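K.L.:
Could you work out the structure for the sequence below:
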Amino acid sequence: MLNSIIYTFTLVFYFHASIESIDISPCAKWDPNGKTVAGTGISGAGATELSMPKGIFMLKRTNTLYVADFGNQRVQMFSLNTSHESGTTVAFGIDSPSKIYVDEDDDGPSIYISVFIGNRVEKWTKGALKGIQLGDECRSCFGIAVDEEKNVYMSESDRQRVIKWSPKTNLTVVVAGRTDERGSGNEYLSTPDGLYFDRTTDDLYVADSGNARIQKWGKNALTGIEVAGSNWTDWAHDTEILASPNGVWVDEQTKIVYISDTIHHRIMRWMPGALVGVIIAGGNGEGNASNQFNTPTDLTFDREGNLYVCDNWNHQIQMFSIIENKPCHPSSIGSSLYCNRYMNWIMIITILSIVTWIVEKTF
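P.N.:
The predicted structure follows:
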């Protein structure tokens with residue numbers, strides 16, 4: 001009996017550990033050549049095709065990729081656990097879906113969609129035939145994010161602001177930028193696009209596209225903090241400069257910011273406090289080769305640390321395998337960045353010890 005219980009708990013915790021996301025090193029490297037995992041590279045409306053995809057979201061638990069198929073007015077779902085390249089339509093008849101967020105509810109995944117031309121945000125529950133509008137108008141709606149309380153953040157690119165809608169009150173408030181005021185100061189936004197909400201700190205990251213930067217807005221903040229890029233003066237391909245960044249993804253452990261540097265056709269990594277970024281994919285000019293992009297608009301990672309890029313005008317999603325994930329310095333192996341997995345195993349051993357003690361006392 002005792003051995004059976006211990007064995008069962010070991011299996012449960014091993015399974016839990018196996019589906020955790022790995023820690024991505026600040027010095028990680030990815031294969032420079034991507035692999036197409038959705039779309040064919042040619043615009044189309046078939047199950048294997050995409051047309052100008054604008055946003056992507058990875059549901060890590062199931063290793064499922066969701067794509068805002070902008071030109072086809074739908075959201076496609078691709079299971080990455082099989083070699084089957086066909087997508088399943090999970091939302092349709094949407095007037096230009098831009099970015100998406102997928103949240104796991106009790107009855108299955110719910111898809112939040114920013115509807116660009118439709119000027120709203122819709123929520124599609126599992127198996128729904130129609131979306132439900134959340135809040136009031138979201139004019140020229142681009143970015144979307146959701147926090148733990150199911151508050152929904154939306155970027156209104158035409159109104160130069162980000163708003164938050166509360167499901168408890170059905171009210172909307174401005175949380176970043178100034179309504180209908182475009183500017184370059186830290187209190188302003190200019191054509192805000194992609195959003196990322198850090199649930200560990202309640203910080204909201206905004207791809208401030210028109211100002212060529214990423215801003216971080218704390219809870220109830222009146223101004224943002226520039227964490228990547230700067231106000232550009234030309235279209236130079238310098239790693240200090242971003243050009244119309246459309247997408248942002250944040251490592252919630254290290255606070256490293258990853259950016260789809262759209263007009264430069266590359267993906268950037270930006271360390272906290274850094275003045276320059278590092279190119280981790282693309283950066284070889286506009287094109288359709290495996291090491292190129294044509295207007296990348298969004299990015300995400302799977303639980304193994306592989307990078308996925310929404311390659312908008314190539315009508316495809318590219319995956320770049322992580323090929324090196326070593327610490328930046330050998331001496332940093334025991335640092336806080338890599339202690340989380342060690343602590344998880346300490347927790348498992350501790351719990352197993354407690355269970356063993358209880359069982360011995362009981363039996």
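K.L.:
Please confirm that residue 210 is located within a helix.
P.N.:
Yes - using DSSP: H, G, I helix; E, B strand; the rest coil, the assignment for residue 210 is a helix.
K.L.:
For the spatially closest residue to it that is not a sequence neighbour, give its distance to residue 280.
P.N.:
Among residues not flanking residue 210 along the chain, residue 190 sits closest, at 2.9 Å (C-beta to C-beta, 6 or more residues apart in numbering). All C-beta spots, glycine's among them, are computed from the backbone N, C-alpha and C. Separation of residue 190 from residue 280 (C-beta to C-beta, to the nearest Å): 26 Å.
K.L.:
Could you pull out the strands in the stretch 101-250 of the chain for me?
P.N.:
Listed in chain order, the strands of the stretch 101-250 of the chain (DSSP state E, counting those that start in this stretch) span residues 108-115, 120-124, 132-134, 141-146, 152-156, 161-165, 172-177, 192-198, 203-208, 213-217, 225-229, 247-250.
K.L.:
So in that sheet, which strands flank the third one, and in what orientation?
P.N.:
Neighbouring strands of strand 132-134 in its sheet, by DSSP bridges, are strand 120-124 (antiparallel).
K.L.:
Pop out the phi and psi values for residue 34.
P.N.:
Taking degrees, to the nearest 10, you get phi -90, psi 160 for the backbone angles of residue 34.
K.L.:
on that earlier part again, show the contacting residues for the residue nearest to residue 210.
P.N.:
Residue 190 sits next to 160, 182-184, 208-211 when contact means C-beta atoms under 8 Å, 6 or more residues apart in numbering.
K.L.:
do residue 186 as well
P.N.:
Residue 186 neighbours (C-beta under 8 Å, 6+ apart): 215, 223-226.
K.L.:
how about residue 313, what does it touch?
P.N.:
52, 294-295.
K.L.:
Model confidence for it, exactly?
P.N.:
Confidence at residue 313, expressed as pLDDT, is 98.
K.L.:
and residue 222, what does it touch?
P.N.:
Taking C-beta under 8 Å, 6+ apart, one finds residue 187 in contact with residue 222.
K.L.:
again, only this time at 10 Å
P.N.:
Residues near residue 222 by C-beta atoms under 10 Å, 6 or more residues apart in numbering: 176, 178, 186-187.
K.L.:
Name only those of those that count as buried.
P.N.:
By neighbour count, with 16 or more other C-beta atoms under 10 Å, the contacts of residue 222 hold 176, 178, 186 as buried.
K.L.:
separation between the residue nearest to residue 210 and residue 257?
P.N.:
For residue 190, the distance to residue 257 equals 18 Å [C-beta to C-beta].
K.L.:
Output stretch 138-155 as PDB, restricted to C-alpha atoms.
P.N.:
Output of stretch 138-155 as PDB, limited to C-alpha atoms (Å, rounded to 0.1, in the frame of the first residue of the first chain):
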ATOM      1  CA  CYS A 138     -12.600  49.600 -29.100                       C
ATOM      2  CA  ARG A 139     -11.800  51.700 -32.000                       C
ATOM      3  CA  SER A 140      -9.300  50.200 -34.500                       C
ATOM      4  CA  CYS A 141      -8.700  47.500 -31.900                       C
ATOM      5  CA  PHE A 142      -5.200  46.000 -32.100                       C
ATOM      6  CA  GLY A 143      -3.800  44.400 -28.900                       C
ATOM      7  CA  ILE A 144      -5.400  42.300 -26.200                       C
ATOM      8  CA  ALA A 145      -4.400  40.900 -22.800                       C
ATOM      9  CA  VAL A 146      -6.300  39.300 -19.900                       C
ATOM     10  CA  ASP A 147      -5.300  39.300 -16.200                       C
ATOM     11  CA  GLU A 148      -6.100  36.700 -13.500                       C
ATOM     12  CA  GLU A 149      -9.400  38.500 -12.600                       C
ATOM     13  CA  LYS A 150     -10.500  38.300 -16.200                       C
ATOM     14  CA  ASN A 151     -10.100  42.000 -16.800                       C
ATOM     15  CA  VAL A 152      -9.500  42.600 -20.500                       C
ATOM     16  CA  TYR A 153      -7.000  45.100 -21.800                       C
ATOM     17  CA  MET A 154      -7.500  46.500 -25.300                       C
ATOM     18  CA  SER A 155      -5.300  48.900 -27.300                       C
END
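K.L.:
How far away from the center of its chain is it?
P.N.:
13 Å (C-alpha atoms, centre = their mean, to the nearest Å).
K.L.:
Flag every buried residue along it.
P.N.:
Residues of stretch 138-155 classed as buried by neighbour count (16+ other C-beta under 10 Å): 138-147, 150-155.
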